[in-house]
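S.K.: coords please:
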Amino acid sequence: MKAPEITRARSWDVYSVHALCVKYGFYTFGCNAEFNAMLEYVRTHEPTDGAMYHVAKDITLSSASGLTTIENTMFLLEREAVNVTFTVT
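M.R.: Here you go, the predicted model:
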């Protein structure tokens, strides 16, 4: 029996990343322009590991000291803001 072809697609949107920041009290030290620039980055990039690092670093550096780490923020982004869908053919 031939194994099926499985395709995974990952996506995120500005609403899910914004909701994550609100839920955990992130980005409290950034201004609106910086926050909007981060969300624009989310809008224009796929959620690759590199893009998630970029966003997580921005969120972490704009949050209260000790509130989160880049690694923890990446974990939360992956778990709560990135949507994964599968297609099996």
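
S.K.: list the contacts of the closest residue to residue 26 other than its chain neighbours.
M.R.: Computed as C-beta to C-beta, 6 or more residues apart in numbering, the closest residue to residue 26 that is not its neighbour in sequence is residue 63, at 4.6 Å. Every C-beta, even on glycine, is put in place using the N, C-alpha and C of the backbone. Counting by C-beta atoms under 8 Å, 6 or more residues apart in numbering, residue 63 touches 25, 26, 27, 28, 29.

S.K.: and these, which are buried?
M.R.: Buried by 16 or more other C-beta atoms under 10 Å: 26, 27, out of these.

S.K.: picking that back up, confidence score at the residue nearest to residue 26?
M.R.: For residue 63, the model assigns a pLDDT of 93.

S.K.: quick one: it from residue 85, how far?
M.R.: The gap separating residue 63 from residue 85 is 30 Å, by C-beta to C-beta, to the nearest Å.

S.K.: could you do residue 55 as well?
M.R.: Relative to residue 85, and taking C-beta to C-beta, residue 55 is found at 20 Å.
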